[in-house]
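Q: Give the three-dimensional model of this entry:
(chains A and B)
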2 protein chains.
Amino acid sequence: MGRTYIENLDKHIGKDVTIHGWVYNKRSSGKIKFILVRDGTGLLQCVMVRAVLPEEVFETFGKLTQESSLKVTGTVKEEPRAPGGFELEVKEVEIINIAQDYPITPKEHGVEFLMDRRHLWLRSTRQHAIMRVRHHIIKSIRDYFDANGFVLIDSPILTPNAVEGTTTLFETEYFDLGKAFLTQSGQLYGEAAAMAHGKIYCFGPTFRAEKSKTRRHLTEFWMVEPEVAFNDLNDNMDLAEDFLEYIVSSTLEHKAKELKTLERNTTYLEKVKKPLPRITYDEAVEILRKKGIDFEWGGDLGGTDETVISEQFDKPVMVHRYPAQVKAFYMKRDPENEKLALALDVLAPEGYGEIIGGSQREDDYDTLVERIKEHDLPMEPFDWYLDLRKYGSVPHAGFGLGIERTVSWICGLDHVRETVPFPRMIYRNTP
Amino acid sequence: MGRTYIENLDKHIGKDVTIHGWVYNKRSSGKIKFILVRDGTGLLQCVMVRAVLPEEVFETFGKLTQESSLKVTGTVKEEPRAPGGFELEVKEVEIINIAQDYPITPKEHGVEFLMDRRHLWLRSTRQHAIMRVRHHIIKSIRDYFDANGFVLIDSPILTPNAVEGTTTLFETEYFDLGKAFLTQSGQLYGEAAAMAHGKIYCFGPTFRAEKSKTRRHLTEFWMVEPEVAFNDLNDNMDLAEDFLEYIVSSTLEHKAKELKTLERNTTYLEKVKKPLPRITYDEAVEILRKKGIDFEWGGDLGGTDETVISEQFDKPVMVHRYPAQVKAFYMKRDPENEKLALALDVLAPEGYGEIIGGSQREDDYDTLVERIKEHDLPMEPFDWYLDLRKYGSVPHAGFGLGIERTVSWICGLDHVRETVPFPRMIYRNTP
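A: Next up is the predicted model:
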């Protein structure tokens, strides 16, 4: 008999099917035995009744251990009390492989113990749900941009220059061309592509060799970065809020079961609807001071500052127009106040901090040359980037959204390490 | 007036719109001037008539150079002879930036000249079309797996071990943990995830520090790798052909315009329908010998061999059951002939060579340990991988499809370097 997936059982009620899977749990109640089987798409309670089963089939129950693999054949019954709403009346069991002493038991384990066994931990219900939410968030991001006329541009991972210093860069030898560096952002390449396609997005892994050991840092993380020719800061904010509303509402709609498994209270997520509040950096500073924080104008917002600000709102809040001195050289200055950069950060509620960072870009050739000098950066690596201002320069803007922080926020997790299949941190690059 | 994209002009016939874009070309015909404007979504012929335009608007024509940026306002008319089928009767022109001496002119340029200016070359019609086809191929791949219940698993880029030697690996220092290496494949991680989710796919950049300077090699390329628990070699072939049919037919359907721009003869692409021919390695050797090639049984198929074999078919051909000695340690042997690995390669027609490589995986613990020893590989880095055979091992299979080779094939290109926005080759890592 062919293979049926647990997620499709509603099409097989009253029929015989064969499930290929693994033992998630089992329990015995006298003459009835229950095997909880997982097949990657769901959990299914398989019921073995002594009275109706040949002895040799009934006895397989005793051999089965947690995570043993098997094929189990039986009749699908509706059973509202069972996980998933169905039950299998077992007729046959074929054992494929008996797992001896599976290390991850239903008891509590330490995080390092589990992280060392990440290849197995992924099978656990919570981790399973997180990966499915992650997948949906990524899918909804791509769907959003694809449906809105953006062209995917895969920016390079290996980049030739360490323009902002090598301290947070991973480097590698690149044949006879000297060193190459793992990208920290596809933005500069995305700007070139936006001049070719109008609206583009980069979406790939990015790297920071940062010695930050916090709940929000990974050394390898995925980032999506839209860039739009002719967009200004306001357009950029319009795009960011429309985009966030879409991905959050799509995930709430399609991954309700997984969010329930994660016991996520979705009250705040349901409020992620346009318009999102927009405050200036000056107003953010005002909030901090009212809360008794002695914050000096001109500094960047730290993690605690972000939490305090975001706590004033029940939705993600967009903070714009930061002091230029704390922002990157490529950001355009506010024509109404040269001290400000047309930057945008979006802070997630519930203390999750910055999930989006972006800006309108400097599009004037001479000004950009000036900025590069002011930041003590070498000019030559930017030759090609400056070309974009030489040949048909236009106003343009974009932002980056960190996938792992977004998954962490939407799933309601304490630490980004569980948002990615095999996390990389300063003290971990295995398995 | 708000911005209208050229691709949406069919909704604005007879109305006034403003297009934001760049001068692609211009020509003059006495009292009528034509500006060909591109905005990333299409090309639009903008017509300036001296008799109806104020002098100062008409005179902007003289100032406009190739790739100058502008906003042009006018009335949309249907015009079957114009590119895209529409024309704009110009009323106003706002120059944003005048491009001086744009280096890529309509005349012929050498490839290195163009590659040095890749950030600008992307604006050319052919490159523009290739990137859009690439985007659609990637989208169709993700759509296929998403619609068929596969879960996306982003495998890590930074991996801890150089298990098969360091000669083709890029390496980097990883804090206090020694060296890390850029991934060559997500497969081993994908296998772990398949045991958690049943059906998964990895999709990300992979790296080969190979000194191959051929038309088919990049040092950085994207690969999609599905992996399915309980699949055997035949299931793997069924999946590969179903998948290929989908992505090719979807691209033909949705990117017909771009393929026409590329002057792609789609005769062979239209034949990519199930079933695809399946031949054994033995049969492939037979074909080579009949063609007079002195091929010794047991060797791997080279590029020329692949071309000769694929030329015998008008569809992609699946070659299976290779000599185990030329294939990776993790491939399962054919139970009917221990000398053969249950491997699968798919060769594209028209000389494009291997686009898919895959296999059923060895799922027996002791056999896999044996293989690791036979290949002189260290055991410890595979501890976690061996765990998958210890705890509920099941038959499983998967394959990898190289994106750039697939784009090259579908677009009908001579060289993979044009299939990716910013290609990386042994002699190039810029811009």
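Q: What is the burial count for the closest residue to A:Glu306 other than its chain neighbours?
A: Of all residues not flanking A:Glu306 in the chain, A:Gly353 sits nearest, at 4.6 Å (CB to CB, 6 or more residues apart in numbering or on different chains). All C-beta spots, glycine's among them, are computed from the backbone N, C-alpha and C. When neighbours are counted by other CB atoms under 10 Å in any protein chain shown, A:Gly353 registers 25.
Q: If A:Gly353 is in a bridge, with which residues?
A: On the basis of DSSP bridges, A:Gly353 is bridged to A:Ala348.
Q: and it, what is it in contact with?
A: A:216, A:303, A:306-307, A:310, A:347, A:405 (CB atoms under 8 Å, 6 or more residues apart in numbering or on different chains).
Q: from those, which would you call buried?
A: A:216, A:306-307, A:310, A:347, A:405 (16 or more other CB atoms under 10 Å in any protein chain shown).
Q: Sort out for me which of the residues you listed are in helices.
A: Among the buried ones among the contacts of A:Gly353, the ones falling in helices (DSSP state H) are A:306-307, A:310, A:405.
Q: Run through who's touching stretch A:163-178.
A: Residues outside stretch A:163-178 that contact it (CB under 8 Å, 6+ apart) are A:158, A:160, A:162, A:179-182, A:184, A:207-210, A:219, A:377-378, A:381-382, B:158, B:170-174, B:180, B:182, B:209, B:211, B:426-429.
Q: From the contact counts, what lies against the longest strand belonging to chain A?
A: Longest strand in chain A, counting residues (DSSP state E): strand A:16-29. Secondary-structure packing of strand A:16-29 (3 or more CB pairs under 8 Å, 6 or more residues apart in numbering or on different chains; DSSP states H and E): strand A:32-38, strand A:43-49, strand A:69-78, strand A:86-97.
Q: any chance of those strands in CSV, with distance to B:Arg278 and mean neighbour count too?
A: As requested, those are exported to CSV (distance: least, CB to CB, whole Å; neighbours: other CB atoms under 10 Å in any protein chain shown):
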stretch, distance to B:Arg278, mean neighbour count
strand A:32-38, 33, 21
strand A:43-49, 34, 21
strand A:69-78, 26, 20
strand A:86-97, 27, 19
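Q: how about the ones you listed in TSV, adding distance to chain B and mean pLDDT?
A: Output for the helices and strands packed on strand A:16-29, formatted as TSV (distance: least, CB to the nearest CB, whole Å; pLDDT from 0 to 100):
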stretch	distance to chain B	mean pLDDT
strand A:32-38	9	97
strand A:43-49	12	98
strand A:69-78	4	98
strand A:86-97	4	98
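Q: Is it possible to get those out as TSV so that each row also shows distance to B:Gly84?
A: Shown next, in TSV, are these (distance: least, CB to CB, whole Å):
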stretch	distance to B:Gly84
strand A:32-38	53
strand A:43-49	53
strand A:69-78	55
strand A:86-97	54
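Q: So which of those is nearest B:Val416?
A: B:Val416 lies closest, by CB to CB, to one member of the helices and strands packed on strand A:16-29: strand A:69-78, at 40.1 Å.
Q: The closest one vs strand A:43-49, what angle?
A: 90 degrees (axes from the mean of the first three to the mean of the last three CA atoms, to 10 degrees).
Q: what pairs with strand A:69-78, and is each one parallel or antiparallel?
A: strand A:16-29 (antiparallel), strand A:86-97 (antiparallel).
Q: Alpha carbons only: can I get that strand in PDB?
A: Only the C-alpha atoms of strand A:69-78 are listed here, as PDB (Å, rounded to 0.1, in the frame of the first residue of the first chain):
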ATOM      1  CA  SER A  69      10.900   4.000  12.600                       C
ATOM      2  CA  LEU A  70       8.000   2.000  11.300                       C
ATOM      3  CA  LYS A  71       5.200   1.600   8.800                       C
ATOM      4  CA  VAL A  72       1.800   1.200  10.300                       C
ATOM      5  CA  THR A  73      -1.300   0.200   8.400                       C
ATOM      6  CA  GLY A  74      -4.800   0.500   9.600                       C
ATOM      7  CA  THR A  75      -8.200   2.200   9.300                       C
ATOM      8  CA  VAL A  76      -8.600   6.000   9.700                       C
ATOM      9  CA  LYS A  77     -11.300   7.000  12.300                       C
ATOM     10  CA  GLU A  78     -12.400  10.400  13.300                       C
END
